[in-house]
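> Need a 3D model of the sequence below.
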Amino acid sequence: GVASRAKMAARHGGRDGYFVGVDVGTGSVRAGLFTSEGKGLKYSRKEITTWTNSGFSEGSSEQSTSDIWRAVCFTIREVCTGVDPAVVKGIGFDATCSLAVVDAAGDPVTVSPTKDPNRNVILWQDHRAMSEAELINDRGHPVLRFVGGCLSPEMQPPKLLWLKRHLRQECWSKAAHFFDLADYLTYRATGATSRSLCCVVCKWTFIGHHPTVTPEDPAPLTHGWNESFWRGIGLEDLADEGFARIGPTVLRPGEPVGEGLTERVAAEFGLRPGTPVGTGMVDAHAGGLGTVGADLTALEGVASCPLTSRMALIGGTSTCHMVPTERPVFIPGVWGPYFSAIVPEMFLSEGGQSTAGQLLDHILQGSDSIYRELVQRAEESKCSVYTLLERTLHELAKQKSLSNVALLTRNLHVSPDFHGNRSPLADPHMQGMICGLSLTSSLEELAVLYLATLQALAYGTRHIIETMNKHGHRLQVILICGGLRHNKLYIQQHADITGLPLLLTEEEESVLAGSAILGAAAAGDDVGEAMCRMARVGSGGAVRPCYSEEVVSYHQKKYRVFQELYRDQRKYKTMMQ
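Model (predicted):
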């Protein structure tokens with residue numbers, strides 16, 4: 001239990017010290033206490049508030065830094081209760097790539113047309129800046145090469161332009177700092193305004209490396225912020241100010257921020273002033289840090305798999321598909337190449353799906369009465385709704401004399417882009433599709449639709465992998481972390497559909513472990529060494545694909561339907577113009 005883990009923490013902390021990792025996700029803040037070997041000892045979680053569709057724009061989502069910070073303080077204090085503050089050697093933060101806005105005093109500045117000052121965070125998944133993203137992409141600036149050819153409305157430049165256009169007086173003129181949320185957290189903890197290379201490279205168009213002239217790139221961009229880009233999209237005031245509001249100082253993930261915890265924040269956390277704070281990361285990238293370098297020596301067949309042949313799949317509300325590379329790889333529709341965004345001195349190719357776990361919830365909760373029945377039956381069976389759905393599907397497959405549960409969806413097909421396609425189509429206007437519905441309404445029918453949606457997400461991952469491999473990657477394994485690593489059916493469908501083994505690290509909370517690595521780095525550890533030392537996959541940590549000819553052929557047919565749904569949707573939109 002928690003008490004025994006706390007005793008273990010105290011014993012270990014006395015020898016090596018330990019580290020706190022904090023993860024600010026879409027719906028909650030979590031904290032974890034970790035040893036220097038990456039073992040999680042205590043965890044805490046606190047929900048946070050999101051305001052959606054605030055009466056002005058579909059797809060708008062806002063949060064509050066005050067609300068988030070209260071949850072941060074609560075979770076850190078909880079995991080550090082009973083622990084000598086002297087043996088907490090460092091803290092790391094990760095967060096969603098949301099945009100936080102404050103004034104010179106650090107107080108919230110509204111980002112909402114409601115004018116509510118508490119709403120000072122535009123959530124990562126907010127798509128209010130669709131037209132601004134299109135305007136920026138139409139300019140075709142060379143920096144866009146480093147985001148797969150076009151900016152997503154989920155990135156920060158379109159959101160900044162939206163704020164200048166729509167809230168010039170209420171926000172733009174009052175804002176002293178525009179932060180990626182992870183950078184806001186280190187600012188709040190230390191008082192230092194430095195930014196994370198991970199955040200600004202991945203979400204703000206900062207060029208993190210020093211490009212050299214090559215035959216493929218005869219006129220390379222220069223390192224840092226690109227003035228012509230910002231001036232060309234109508235945000236010339238940021239350039240005129242020397243980029244003071246978005247980050248004149250950029251540090252690598254894990255580098256110490258300021259002088260560590262301020263006295264005020266140390267009191268809020270119950271820790272010592274000056275406790276080192278590591279430069280943060282985007283949440284998904286912290287998951288990559290906590291998985292991609294894992295020790296695989298216990299696994300037959302993949303023990304020697306190089307770093308560049310591994311994909312980290314971070315599955316939660318959305319998914320990110322991350323692959324480190326030695327050299328920059330330019331792939332249309334795949335974000336990056338990002339320099340040192342996860343692995344020091346390596347580039348990163350990043351695919352993704354804008355909705356995943358959120359889509360599964362949407363599908364299940366769409367039929368209110370059946371969902372209530374599902375929840376009730378799960379409570380009676382003392383299991384999760386996902387476990388009950390999996391049991392239901394296996395019973396259905398047995399009743400129908402099917403050799404594999406996947407075969408239940410032969411005539412039910414889903415296109416999963418209910419919130420646009422992030423990769424590899426890079427089309428935020430794509431929408432979800434379901435083909436094969438009937439008038440039947442039952443828990444069994446809902447279970448089959450749930451399975452078809454799981455498969456659609458896996459076909460999306462296969463599409464991303466095929467696109468990456470086409471441009472030079474050679475992927476051999478997928479390391480999965482995030483909430484979806486607990487969904488056995490999701491994992492098996494991914495293995496069967498991609499044809500690659502899915503690997504699970506021994507530490508289940510890989511995102512928190514990634515943040516703890518940042519805390520360890522702030523205390524003097526090496527990020528590259530820590531990411532290999534603090535993550536491992538045991539001998540039972542691999543989920544292998546099913547190689548049955550029937551199942552392989554079945555998924556090949558369904559994958560062709562999946563791709564046809566993309567073409568059909570675009571055809572229909574053209575017909576209706």
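> Going by C-alpha atoms from here, please, whenever you check contacts or count neighbours.
OK.
> Next SSE downstream of the helix or strand containing Glu62?
Using DSSP states H and E, Glu62 sits within strand 61-63. Next along the chain after strand 61-63, taking DSSP H and E as the criterion, comes helix 65-80.
> What is that following helix packed up against?
strand 18-24, strand 28-35, strand 40-47, helix 263-269 (3 or more C-alpha pairs under 8 Å, 6 or more residues apart in numbering; DSSP states H and E).
> which residue packs closest to Thr355, ignoring adjacent ones?
Sequence neighbours aside, Ser318 is the residue nearest to Thr355 in space, at 4.3 Å (criterion: C-alpha to C-alpha, 6 or more residues apart in numbering).
> What values do phi and psi take at that neighbour?
When read as degrees, to the nearest 10, the backbone of Ser318 gives phi -120, psi -180.
> ok, how many other residues are close to it?
Neighbourhood size, Ser318 [other C-alpha atoms under 10 Å]: 20.
> Please name the residues that touch it.
Listed by C-alpha atoms under 8 Å, 6 or more residues apart in numbering, the contact set of Ser318 reads 352-358.
> swap in Gln169?
Contacts of Gln169 were listed using C-alpha under 8 Å, 6+ apart, and none were found.
> Now do the SS call for it.
Under DSSP: H, G, I helix; E, B strand; the rest coil, the three-state class of Gln169 is helix.
> low pLDDT regions in the stretch 1-150 of the chain?
Within the stretch 1-150 of the chain, the ranges that satisfy pLDDT under 70 run 1-15, 54-59.
> Count the neighbours of His209 for me.
His209 has 17 neighbours, counted by other C-alpha under 10 Å.
> mind saving the C-alpha coords of stretch 437-453 as PDB?
Only the C-alpha atoms of stretch 437-453 are listed here, as PDB (Å, rounded to 0.1, in the frame of the first residue of the first chain):
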ATOM      1  CA  LEU A 437     -24.800   1.400 -38.700                       C
ATOM      2  CA  SER A 438     -28.200  -0.200 -38.100                       C
ATOM      3  CA  LEU A 439     -31.300   0.400 -36.000                       C
ATOM      4  CA  THR A 440     -30.200  -2.100 -33.400                       C
ATOM      5  CA  SER A 441     -29.400  -0.600 -30.100                       C
ATOM      6  CA  SER A 442     -27.700  -2.800 -27.500                       C
ATOM      7  CA  LEU A 443     -24.600  -3.000 -25.300                       C
ATOM      8  CA  GLU A 444     -23.300  -5.700 -27.700                       C
ATOM      9  CA  GLU A 445     -23.700  -3.300 -30.700                       C
ATOM     10  CA  LEU A 446     -22.000  -0.500 -28.800                       C
ATOM     11  CA  ALA A 447     -19.100  -2.900 -28.000                       C
ATOM     12  CA  VAL A 448     -18.600  -3.700 -31.600                       C
ATOM     13  CA  LEU A 449     -18.600   0.000 -32.500                       C
ATOM     14  CA  TYR A 450     -16.100   0.600 -29.800                       C
ATOM     15  CA  LEU A 451     -13.900  -2.200 -31.300                       C
ATOM     16  CA  ALA A 452     -14.200  -0.700 -34.800                       C
ATOM     17  CA  THR A 453     -13.100   2.700 -33.300                       C
END
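> ok, back up a step: between the helices and strands packed on helix 65-80, which one is nearest to Ala406?
Among these, strand 28-35 comes nearest to Ala406, with 32.6 Å by C-alpha to C-alpha.
> quick check: angle from the closest one to strand 40-47?
Counting by axes from the mean of the first three to the mean of the last three C-alpha atoms, to 10 degrees, strand 28-35 lies at 170 degrees to strand 40-47.
> and strand 28-35, which strands flank it?
Strand 28-35 has the following strand partners under DSSP bridges: strand 18-24 (antiparallel), strand 40-47 (antiparallel).
> Compare the ones you listed and give me the one nearest Tyr184.
Proximity to Tyr184 (C-alpha to C-alpha) singles out strand 18-24 among the strands paired with strand 28-35, at 11.3 Å.
> how far does the closest one sit from the chain's center?
Offset of strand 18-24 from its chain centre (C-alpha atoms, centre = their mean, to the nearest Å): 16 Å.
> Contacts only, for Asp237.
Listed by C-alpha under 8 Å, 6+ apart, the contact set of Asp237 reads Arg231.
> Just confirm it is within a helix.
Yes - assigned with three-state DSSP, Asp237 falls within a helix.
> re the thing from before, can you tell me which of the contacts of Ser318 are buried?
352-357 (16 or more other C-alpha atoms under 10 Å).
> Keep only those of those that are in helices.
Using DSSP state H, Gly357 are the members of these that sit in helices.
> Kindly indicate which of the buried ones among the contacts of Ser318 lies nearest Pro501.
Checking the buried ones among the contacts of Ser318 one by one against Pro501 (C-alpha to C-alpha), the nearest turns out to be Gly352, at 18.9 Å.
> I figured that closest one was touching Gly420, is that so?
No - with contact defined as C-alpha atoms under 8 Å, Gly352 does not reach Gly420; the gap is 10.9 Å.
> re earlier: what's the distance between the residue nearest to Thr355 and Pro117?
Remark: distance between Ser318 and Pro117 (C-alpha to C-alpha, to the nearest Å) = 28 Å.
> Could you do Arg544 as well?
Between Arg544 and Pro117 the computed distance is 50 Å (C-alpha to C-alpha).
> Next up, the contacts around Ala294.
Taking C-alpha under 8 Å, 6+ apart as the criterion, Ala294 is in contact with 505, 531-537.
> The stretch 301-450 of the chain: helices as residue ranges?
Here the stretch 301-450 of the chain has its helices, by DSSP state H, counting those that start in this stretch, at 357-365, 368-381, 385-399, 443-470.
> nearest to Phe339, of those helices?
Closest approach to Phe339 among the helices of the stretch 301-450 of the chain (C-alpha to C-alpha): helix 443-470, 17.2 Å.
> Any buried residues in stretch 414-422, and which?
Buried residues in stretch 414-422, counted by 16+ other C-alpha under 10 Å: 414-422.
> Quick check: the farthest pair among those?
Val414 and Arg422 (16.6 Å).
> Surely Gly291 and Gly482 touch.
One correction, residue 291 is Thr, not Gly. No - the pair Thr291 / Gly482 is not scored as a contact, 10.4 Å apart, by C-alpha under 8 Å.
> now Val87, nearest residue through space, not along the chain?
Leaving aside its chain neighbours, Val87 sits nearest to Gly17 (4.7 Å; criterion: C-alpha to C-alpha, 6+ apart).
> Kindly tell me how buried the one you found is, as a neighbour count.
So Gly17, with other C-alpha under 10 Å, has 21 neighbours.
> repeat for Ser548
Residues contacting Ser548 under the criterion other C-alpha under 10 Å number 12.
> how much space is there between it and His463?
According to C-alpha to C-alpha, Ser548 stands 21 Å off from His463.
> Can you name the residues that contact Asn404?
Residues counted as contacts of Asn404 (C-alpha under 8 Å, 6+ apart) are 397, 551.
> circling back: shared neighbours, Gly352 and Gly420?
Here Gly352 and Gly420 share no contacting residue, scored by C-alpha under 8 Å, 6+ apart.
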